Every structure is written in C-alpha cells, then in structure tokens.
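> With the input below, show me the fold.
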Amino acid sequence: MTILDVKKLTSTTSDWETNEYVILSKVKYWLNQLNRNRLFPSLDESHHLNQSLEDIVRENIDCKLWFDNEIRARRINERFTVYEKAHQIGFKLDRMFDFIKWALKLNKQIIIEGEIIKKFVEDNLRLRKISTVEKNFHGKGYFALPDNKKGLLNVYLYEAVWDWSKEHISQRLQSKLIRSIPQQIVKNPVEQLMFEFINFSQDLFDPVVYIFETDLDFPYKETILPLAEERLLNALGT
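Sure thing, here's the model as predicted:
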C-alpha cells in the first residue's frame with residue numbers, strides 16, 4: 001500500500017470522488033489489518049493521516065473565516081465576474097472542509113479500534129529488568145521477547161538513539177536480533193539463560209538486561225515487537 005499524499009488529496013483542484021475512493025480503500029486495508037491484530041504500520045499511518053488533516057484545517061481556517069466574514073457577509077456590488085470568482089473560491093473551500101470532516105470521521109474508527117488492541121497487548125506484555133546495573137553502556141543493552149506464534153525466544157541487542165531535526169529531537173530504539181531459541185528446548189528459567197548468554201556470548205561490559213513476558217500469540221513483527229520496543233524505550237526514559 002502506498003503512503004497517502006494528504007496535500008494532494010485536499011487540494012481545492014482535486015477530483016473529490018477519486019479522493020474519497022482513495023481514503024475508503026486505505027481505511028478498508030487498515031481495518032483488514034486490525035481484524036488480524038496487525039497494528040503496525042496501519043495504526044501509525046492512521047494517526048499520521050489524522051494529524052495531517054487537522055494541520056490542513058488549522059492552516060486554512062483563517063482563510064475560510066475571512067472569506068465568510070468579508071465576502072459572503074455582504075453583497076458584492078462590483079462586476080459579476082468578481083462575484084462569480086468569489087463564489088467559486090467559497091465553494092472549493094467548503095468542499096475541502098467537507099471532505100476533511102468526512103475523512104476524519106471515517107478514520108476515527110481505525111484509531112479507536114487500533115488503540116483498543118494496543119491497550120490489550122500492552123496490558124498483557126510484562127517487562128522486567130533482571131540486571132542490577134542502572135545505566136546502559138553507551139545506551140546499549142539486551143532484551144528477550146517470546147514469539148509464541150513460532151515458539152521462539154528471541155534475544156535482541158538494543159540501542160537508544162537520538163534523531164535530530166530542526167523542528168524537534170526524538171529518541172527511538174534500534175534493535176538487532178542476535179539469537180532465536182526454540183522455547184521447547186529452554187529448560188532453565190529465562191533469567192538464567194540470559195545471564196549465561198551475557199556472560200559467555202556478549203561484547204558489552206556489564207549490560208542492562210530486560211525480559212518480556214506474554215502469553216499472546218499475536219502477529220510478532222506487526223504488533224508484539226513494535227509495542228515491546230515502545231515499552232522498553234519508555235522504561236529507559238524513566
């Protein structure tokens with residue numbers, strides 16, 4: 001699925017019927033993904049659409065208010081062509097705002113359903129730190145996360161990195177899968193397995209180690225792993 005070009009979709013020269021079809025198709029795809037408990041990237045894309053549409057409303061609301069107050073609120077006693085042009089502008093603005101209102105309402109169901117699924121997974125995804133060290137070595141550490149659908153215990157090396165831009169600074173988690181262990185051969189507690197791993201197989205000095213626990217078998221890459229990374233990133237910031 002392609003990323004929506006919101007600026008193009010809300011252009012006053014748009015073909016609104018085509019734009020409605022594009023939004024309907026995208027929402028249908030997102031809904032299909034949510035019905036399969038696949039949260040990402042659908043939920044993020046839905047939030048991005050919502051934010052972009054609201055930004056466009058904010059950018060154009062002053063123009064619409066000015067037009068309504070200064071043009072429509074009084075008769076235009078100039079040439080007919082001036083009135084006709086003003087009428088066309090007003091019609092296009094109204095059509096754009098109607099389209100945005102419709103799209104926001106349609107997209108709302110995706111956000112609501114997606115956040116319900118997200119909350120359910122978060123409530124059933126437990127995080128424990130098993131190491132005693134307080135700080136990460138250069139922002140790096142390890143975490144273990146079960147993939148119950150495939151019956152695997154996955155071990156990751158993570159690093160908290162900063163993204164710098166002119167507008168804002170944000171932090172994200174960069175994780176690398178370094179080992180997958182079939183759950184059926186894990187005889188000892190996960191804590192012991194992780195301590196053995198970092199003692200004999202790792203390059204970091206005295207790393208921070210986390211363990212995730214969950215009984216869910218939701219889609220791993222589309223739901224479990226992204227939410228685990230988000231949870232860990234939040235924990236690192238506290």
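
> confidence score at the residue most central in space within the chain?
Centroid-nearest residue in the chain, with C-alpha atoms, centre = their mean: residue 44, separated by 2.3 Å. The model reports residue 44 with a pLDDT of 95.

> In the helix or strand harbouring it, which of the residues would be classed as buried?
If you go by DSSP states H and E, residue 44 is part of helix 42-67. By 16 or more other C-beta atoms under 10 Å, the buried positions in helix 42-67 come out as 42-43, 45-46, 49-50, 52-53, 56-57, 60, 67. For the C-beta atoms, the positions are set from N, CA and C on the backbone; glycine is no exception.

> rewinding a little: what's the spacing between the residue nearest to the centre of the chain and residue 216?
Distance, residue 44 to residue 216, using C-beta to C-beta, to the nearest Å: 20 Å.

> again, but for residue 232
Plainly put, residue 232 is 17 Å away from residue 216 if you go by C-beta to C-beta.

> what's the neighbour count on residue 190?
By the criterion of other C-beta atoms under 10 Å, residue 190 has 19 neighbours.

> How about the contacts made by it?
Contacts for residue 190 (C-beta atoms under 8 Å, 6 or more residues apart in numbering) come out as 144, 153, 211, 213.

> Could you pull up the contacting residues of the second one?
Shown in contact with residue 153 (C-beta under 8 Å, 6+ apart): 144-147, 180-183, 186, 190, 193.

> repeat for residue 124
Per C-beta under 8 Å, 6+ apart, neighbours of residue 124: 214-216.

> got it, and residue 100?
Residues near residue 100 by C-beta under 8 Å, 6+ apart: 10, 53, 56-57.

> Downstream of the helix ranked longest in the chain, the next helix or strand is which one?
Identified as the longest helix of the chain according to DSSP state H is helix 80-123. Sequence-wise, the next helix or strand downstream of helix 80-123 (DSSP H and E) is strand 126-129.

> Give me the residues contacting that next one.
So strand 126-129 is contacted by 208-214, 228, 231-232, 235 (C-beta under 8 Å, 6+ apart).

> out of these, which is most surrounded?
residue 228 (26 neighbours).

> so where's this structure uncertain?
The chain contains residues with pLDDT under 70 at 1-2, 61-90, 134-138, 165-168, 201-205, 238.

> Kindly report the domain assignment for it.
By the assignment in automatic domain parsing, the chain contains the domains 6-123, 126-237.

> Would you check how far apart residue 95 and residue 170 are?
For residue 95, the distance to residue 170 equals 36 Å [C-beta to C-beta].

> I should have written residue 27 there, sorry.
For residue 27 relative to residue 170 (C-beta to C-beta), the value is 27 Å.

> Can you pick out the residue with more neighbours from those two?
Using other C-beta under 10 Å, the more surrounded residue of residue 27 and residue 170 is residue 27, with 18 against 10.

> how about the nearest residue to the more buried one once chain neighbours are set aside, what does it touch?
What sits nearest to residue 27 in space, not counting adjacent residues and going by C-beta to C-beta, 6 or more residues apart in numbering, is residue 106, at 5.5 Å. Counting by C-beta under 8 Å, 6+ apart, residue 106 touches 23-24, 27.

> From residue 111, how far off is residue 211?
Using C-beta to C-beta, one obtains 31 Å as the distance from residue 211 to residue 111.

> er, residue 146 I mean
28 Å.

> Specify which residue of the two has the higher count of neighbours.
residue 146 (24 against 16).
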